[in-house]
Every structure is written in C-alpha cells, then in structure tokens.
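[1] One predicted model, sequence on top.
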Amino acid sequence: VGMKRVIRRVGVKSSRGKKLYCCSWNNNTNQQRRSFYNSSVKMERDLNDIQKNDQNLNEDLDAEIHDLQQKLCQAIAKKNKQSATQSVNKNLNQNSHDDNSNLKPQYKNRTTIKNIRERHDQGLGLIDSTLTVCGWIKSTRSQSKVCFIELNDGSSQLNIQIIIDPTTPNFESLKTLVTTGTSFLATGKIVASKGKNQKIELLASSFEILGSVADHYPLSKNKLELQYLREYPHLRARTNTFGAIDRVRSALSFATHQFFSIQKNCCYVHTPIITASDCEGAGELFQITTLLKTISKSKQPLGQDEKFYENDFFGRPAYLTVSGQLNGEMYASALSSIYTFGPTFRAEKAHTSRHLSEFWMIEPELAFFDLFDTMQLAEDYLKFCIQYVLTTLPHDIQFFDKLYSLQHPNQSSTDTISSKLRQLCKSTFQRLTYDDAIKILMSEQSQNKERFLFPVSWGIDLTSEHERFLTDQHFNQSPVILYNYPKDIKSFYMRKNDDNQTVAAMDVLVPKIGEIIGGSQREERYDVLVARMKELGMDVETYKEYLDLRRFGSVVHSGFGLGFERLVMLVT
C-alpha cells in the first residue's frame, strides 16, 4: 500500500493460440499471471458470445429487410398500375379548380383520347374536368345550330365527340374550314353524353384549326377497301383498320421484350444486317454492291469470282441478311440465352399473303436447350403475346371481331377473332412427328385423291394446304407442332437424328395461317456438321468462325425464328 503502481503490458497466449494483452501491476507473481490469464480467456469467450449473438441478430435483420423490400416492390408495382390514371386525375383536378386559368389551348396540357375513353369508368370520373384534346376529324355534323365533331388522335380505336355551340369564339369558321381529315384542337369541359356510343363528351369552350384539308381528301368516312388503301400508304394509318393493326403491332413488340427479357432473362442482341453468308443455304438473297456503274458499262452480270469484287466496297460478295441466327449462336455460346428482333430480307418470288421481301424476325437462341425445350418455349411465347394483346387492347380486338363478322356473315356469333385467340391460349399445342403427319395426310388423300392440290408423299416440304388441314380440320382448330423433318428439306445447321434420315427440326402451325414458327436443335458436333456442309457442297472455310463454336466448348443449344408479320396476321 502506498507503493507506486507501475502498469505494463503483459502478453498472454489464449487456449486458441491468440495473443492477448492485459494490464499488470509491477509485482508480477505467478498467481497474478494466472489470474490475468483466466480473466483473458473469460473475456475472449464473452466476446465470442457477443459476436455470435450479433451475427444471429444481423441474419434476423437481413431477413426482415428482405421481406420489407419484397413488400415495397409489390407496393410500387401496384402503385405503378394506377400511376397513369392518378397523374391524369391530378392534372385534371388542378385544371378544373383553377377558375382564373387561361383557356388558350396548349399542347403540353393535351390529354390523349385513350386516357379519357378507355378508363375503367369510361370517362365518367372526369366529368366537369377541363381538358385539351388534339387529333384529326373523323366526321362532322350540324344540328340546330350546334356542331358535333368526332375526333381521333390515334391513341385508341375510340373517338371523342366534341360539341361546339354558337357561343364558342370563331364558331362561324367551322362551316367552311372543318372537314374530315382536318387536324383540330379543342379545350372544354367533360360532360355526360346523351348519345348511345359514349358515356361522356367534350363541351368546347375554345378550339383551333391546326391544319385544314386542301382539295379532295382521299380517306372518306365511308368503308374503304384494302386494295384502295394501297394507293395511299402515307395516309392509311389514319383509318380504323390500319390504326388498330399498328397498335396491335406495338403491343406485340412490347410483349416480345417483356417475355424474353423479363420473364426468360434473355439478353437482347443486335445482329448485322449486311452479311457475307447465307444462313438458310437457299441462295435467295438481295445482293449489295457499289459496282453498278462498272457493270452497266461493261454489260456483264455480277460474278462469283473473288477477283471480280476487289474494287467493291467490301472486297467480296455481300448481302442483306436473311436471318440473325448464326450470329445469335455466337452470342448464346457466351451469354447462354439471347434473342434478336430486327429486319430481315428474302428475295423469294412467292406472291402470297404469307411471304414478304422485307420483314422483322424474332430469333431466340438458348444454350443448354434441346428441341423439346424450344418447342415449349415457342408455345409459351405465343400464348403470352396473345394474352397481352387481349388484355391491353380490348377495343381494337372488338373492332377486328366486327370486321371479321362482316367478312364472314354465316359464322356463328361465338366464332370471332377474340374467341379464337382465347381458345388458342387455353389449348395445349399438339405434338406430332413428321412421319405421323404424313400418315394422316396420306390417309385423307387415299379417301379423296383430289383433296390436295399438291400430292402427299414422305419427304415433301408440306405446303400451306397441308398445314391448314392438320390445324383447321384434323385437330379441330388446334395449334400443332410438327418435328423431326427429313434432313433433305431442312438447313445444314440442324442436328441430325440417330436414324440418319431426319433432323431435330420443328414447325409451329396455327389455324387459318399454317406455319408461324420454325426452329431446331442446332448441330453441336463438329465432325457431323462439317460432313453435312461438305455433303451440301458448301464452302467450309466461309463458316470458319461458326465452326469454331463447335471446337471451343460446344454445348447443346436450340432456337427458333418467328416472322413478326405472321404473328400480327394471327392476332388481327
């Protein structure tokens, strides 16, 4: 006691071999060392217990945070569904309660007709709101000094009726300047309608003629034949038919990206439009050259000799692509699952409603997918796209129902476009081998020799009449997936089956159209693919990069191609 206490650090090793430090008095007896050691071990145990409890607490907190994040995402998704309506209502309420606001029309305050007429309440919730609408006049009529205008802005199949009375400024100008096709802007209040075709209409307080119609407007309000509209491709999007088709096309494009990118986690890639290879091996390509002037002077046709193209832009023959598949396989060998969606071109002189020289192609390519995986993917994709259009564009589908019933007056009321599409979504696509399909067709042919324009035999490439017989009649309006085709009628890259006669190829057939999707399991065996290319007389060196995929980590992979215009045809 009273002794000066000098504290120093003493190193002690714990039972786990860790070096601990503690304080000691200057008289370091063995008893004190032992006491400090025991205290150090106890402190370490206590510290481990605290850390373990902290770890358990952190895991519990992480689980709670994860649950909260999921609930937040669900709440955000639910809110987003109502965001468009809520934002419109908010702006409308601000406009309707602003008594001192200037009613001069402004484009930034424009409300689309879709956001008015296609609300769940058909616009009744907007009554007494002040709105500005813009569009093109579909029709006009006058009654007891009141002018009625049917306006459409392309956002919906539905029009909005605008009522203009003599108290509206510049009312007299309507008699001479406003006709069908005039671009028009109107501002006014939404009021309840006394008409049959709509719940609401717009009572204009001001209007503006944005662009008048000069001379004769070719698109009258009467029904126009499609053949007639071919003469006016720059205006036909204003018609009900082409407006509906374009909106369906837009919805199908969006659904395609939703399905592959969001649902299937595929990477969207862009493949070249200008290529030096023929993916299909059919030789039906549009050629690109800068030697036209040279050819016209020499009066010699394009040659196949490489020296002929030494002065050409690419130094060798180049073409517009017929497919992005070969490039897609290269991406799939690294990214696993990809899809392309771009323009393709084919110089095939087939003047039918199913063949185009320029069209858009959707081509997914997936590593570690066999033929049957791809068949299921194709079925799921078609059903998703159709259901998306039925949900988002009900008024356009109703329009096609009406149009279809006019073209087929003897059909039953339930035999409509919408009913056929809903039935397709509910059905299970029939799986059928090429061999079985030929047996069915030959059985029908044996009963009626004039049944088919093109005779049926094993090895033929099925025509539209054969495909539609299977879907429309034999399977009673049900989609069919045919697979295992003869190798001689299919492309070189399709995987050869064990029978050495067929390849792992498939076609999806739908009622009224026939083939809509063509796909296959790709040949992943290097030796087999090279032998097949040589058998067809192809230049193996031209496809060196494509063959490298089989030399460096080859895997089973499959894919298909869908002509986007055929999908639009199916839905419309």
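    That came in fine, so what should we check first?
[2] Tell me where the model's unsure across the stretch 451-572 of the chain.
    Across the stretch 451-572 of the chain, not a single residue meets the criterion (pLDDT under 70).
[3] now the stretch 101-250 of the chain
    101-107.
[4] make it 50
    Across the stretch 101-250 of the chain, the ranges flagged by pLDDT under 50 are 101-105.
[5] hang on, residue 188 in a strand?
    Yes. Using DSSP: H, G, I helix; E, B strand; the rest coil, the secondary structure at residue 188 is a strand.
[6] Now do it: how many residues are near it, please.
    22 (other C-beta atoms under 10 Å). Every residue, glycine included, has its C-beta placed from N, CA and C.
[7] going forward can the numbers begin at 392, since that is how I track them
    Yes, from this point I'll number from 392; that puts the last item at residue 579.
[8] and it, what does it touch?
    521-522, 553, 593-597 (C-beta atoms under 8 Å, 6 or more residues apart in numbering).
[9] Any buried residues in the strand ranked longest in the chain, and which?
    The residue-count maximum for a strand in the chain (DSSP state E) belongs to strand 521-534. The neighbour-count criterion (16 or more other C-beta atoms under 10 Å) identifies 521-529, 531 as the buried residues of strand 521-534.
[10] quick check, nearest of those residues to residue 611?
    residue 529 (10.5 Å; C-beta to C-beta).
[11] so which strand or helix has the nearest residue to that closest one once chain neighbours are set aside?
    Nearest residue to residue 529, sequence neighbours excluded (C-beta to C-beta, 6 or more residues apart in numbering): residue 541, at 4.2 Å. Secondary structure from DSSP states H and E places residue 541 in strand 537-543.
[12] ok and whichever helix or strand comes after that strand relative to strand 521-534, angle-wise?
    Using DSSP H and E, the next helix or strand after strand 537-543 towards the C-terminus is strand 551-555. Strand 551-555 runs at 70 degrees relative to strand 521-534, counting by axes from the mean of the first three to the mean of the last three C-alpha atoms, to 10 degrees.
[13] And the contacts of the helix or strand that comes right after strand 551-555?
    Next in sequence after strand 551-555, counting helices and strands by DSSP H and E, comes helix 565-568. Here helix 565-568 makes contact (C-beta under 8 Å, 6+ apart) with 531, 533, 538, 555, 600, 603.
[14] what's the average pLDDT for the strand or helix carrying residue 767?
    Assessed by DSSP H and E, residue 767 sits inside helix 762-783. Helix 762-783 shows a mean pLDDT of 97.
[15] CA atoms only: put that helix into PDB for me.
    The C-alpha trace of helix 762-783 is given here as PDB (Å, rounded to 0.1, in the frame of the first residue of the first chain):
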ATOM      1  CA  LEU A 762     -35.600 -29.500 -79.300                       C
ATOM      2  CA  PHE A 763     -38.400 -30.200 -76.800                       C
ATOM      3  CA  ASP A 764     -37.300 -27.200 -74.600                       C
ATOM      4  CA  THR A 765     -37.600 -25.000 -77.600                       C
ATOM      5  CA  MET A 766     -41.000 -26.400 -78.500                       C
ATOM      6  CA  GLN A 767     -42.300 -25.400 -75.100                       C
ATOM      7  CA  LEU A 768     -40.700 -22.000 -75.300                       C
ATOM      8  CA  ALA A 769     -42.400 -21.300 -78.600                       C
ATOM      9  CA  GLU A 770     -45.800 -22.300 -77.200                       C
ATOM     10  CA  ASP A 771     -45.400 -20.200 -74.100                       C
ATOM     11  CA  TYR A 772     -44.300 -17.200 -76.200                       C
ATOM     12  CA  LEU A 773     -47.300 -17.200 -78.500                       C
ATOM     13  CA  LYS A 774     -49.700 -17.600 -75.600                       C
ATOM     14  CA  PHE A 775     -48.100 -14.700 -73.700                       C
ATOM     15  CA  CYS A 776     -48.200 -12.300 -76.700                       C
ATOM     16  CA  ILE A 777     -51.800 -13.100 -77.500                       C
ATOM     17  CA  GLN A 778     -52.900 -12.800 -73.900                       C
ATOM     18  CA  TYR A 779     -51.100  -9.400 -73.600                       C
ATOM     19  CA  VAL A 780     -53.000  -8.000 -76.600                       C
ATOM     20  CA  LEU A 781     -56.300  -9.300 -75.400                       C
ATOM     21  CA  THR A 782     -55.700  -7.600 -72.100                       C
ATOM     22  CA  THR A 783     -54.300  -4.200 -73.200                       C
END
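[16] Most neighbours out of the contacts of residue 579, which is it?
    Result: residue 593 is most packed of the contacts of residue 579 (other C-beta under 10 Å), 29 neighbours.
[17] Who does it form a beta bridge with?
    On the basis of DSSP bridges, residue 593 takes part in beta bridges with residue 553, residue 581.
[18] how far away is residue 712 from residue 947?
    Per C-beta to C-beta, to the nearest Å, residue 712 is found 25 Å from residue 947.
[19] same question, residue 726
    For residue 726 relative to residue 947 (C-beta to C-beta), the value is 16 Å.
[20] now swap in residue 710 and tell me
    Residue 710 is 30 Å from residue 947, by C-beta to C-beta.
[21] One more: residue 582?
    64 Å.
[22] So what's the residue count around residue 619?
    Using other C-beta under 10 Å, residue 619 has 11 neighbouring residues.
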